[in-house]
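A.B. asks: The sequence isn't on hand, but the structure is:
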């Protein structure tokens, strides 16, 4: 019993998620390369060590929608832990170069059962994702598409991280942004140009989100000139 307790207390979740080992390996993905595809066998979980990825679904009539953007520290493919193994419900694709730890279903189940510290880490992630999903639903139901875009940009810029004041978002198309907020590409272009004109974002090869954009989400502060389209610029 003492040996089991010592093994549990010596377990380091961060080390487990950083290195390959039994039932897990490091994978490198290039931009637009897939972790897995909707309809594949759900047999593993990925832990994103670096880079950004997106989760998309395709309807029966072929329409694609982006569900969320993933960043370092996120798990993806957790549906493989269901009691009855099934198929992937979505497609996970690298947005930029990614490094991830691929963990087999068996190893993931084993370590969650034997190591409470790891189970705690994974549970906290699932709760955070559940809260994010709830917030996304509320956002879709009650906020304007312009405010939804502001929120998505802030989430992708990961505002709130220590030491980061002006942050670039990963490469992303206006079509993808439109899918995420439930509007058209032309409306996203209009809003992005407006945000740039107001100093909320800037563009110099990459989109940079400024802290002032928080005012749109937290204080609902936008000048009353929606009817005036700003000049078409780099965000077209």
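C.D. replies: Received it, and whenever you're ready, just let me know what you need. From a predicted model like this one, the values you see are computed outputs, not experimental measurements.
A.B. asks: Mind splitting the chain into its structural domains?
C.D. replies: When the chain is parsed into structural domains using automatic domain parsing, the resulting residue ranges are 2-139, 143-219.
A.B. asks: is it possible to export those domains to CSV including mean pLDDT and mean neighbour count?
C.D. replies: C-betas here are computed from N, CA, C, even on glycine. As requested, the domains of the chain are arranged in CSV below (pLDDT from 0 to 100; neighbours: other C-beta atoms under 10 Å):
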stretch, mean pLDDT, mean neighbour count
domain 2-139, 91, 15
domain 143-219, 85, 17
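A.B. asks: Packing partners of the longest helix seen in the chain?
C.D. replies: Taking residue count as the measure and DSSP state H as the definition, the longest helix of the chain comes out as helix 116-142. Of the remaining helices and strands, those touching helix 116-142 by 3 or more C-beta pairs under 8 Å, 6 or more residues apart in numbering; DSSP states H and E are helix 13-18, helix 105-114, helix 145-157.
A.B. asks: roughly how far out does the second one sit from the chain middle?
C.D. replies: Right, helix 105-114. Remark: helix 105-114 is offset 24 Å from the chain centroid, using C-alpha atoms, centre = their mean, to the nearest Å.
A.B. asks: just the angle between it and helix 116-142, please?
C.D. replies: Inter-element angle recorded for helix 105-114 and helix 116-142: 110 degrees (by axes from the mean of the first three to the mean of the last three C-alpha atoms, to 10 degrees).
A.B. asks: now what about helix 105-114, what contacts it?
C.D. replies: By C-beta atoms under 8 Å, 6 or more residues apart in numbering, the residues outside helix 105-114 that reach it are 8, 16, 22-24, 42-45, 80-81, 85, 118-119, 122.
A.B. asks: my read: residue 82 touches residue 88, true?
C.D. replies: No - between residue 82 and residue 88 no contact is recorded; they are 11.4 Å apart, counting by C-beta atoms under 8 Å.
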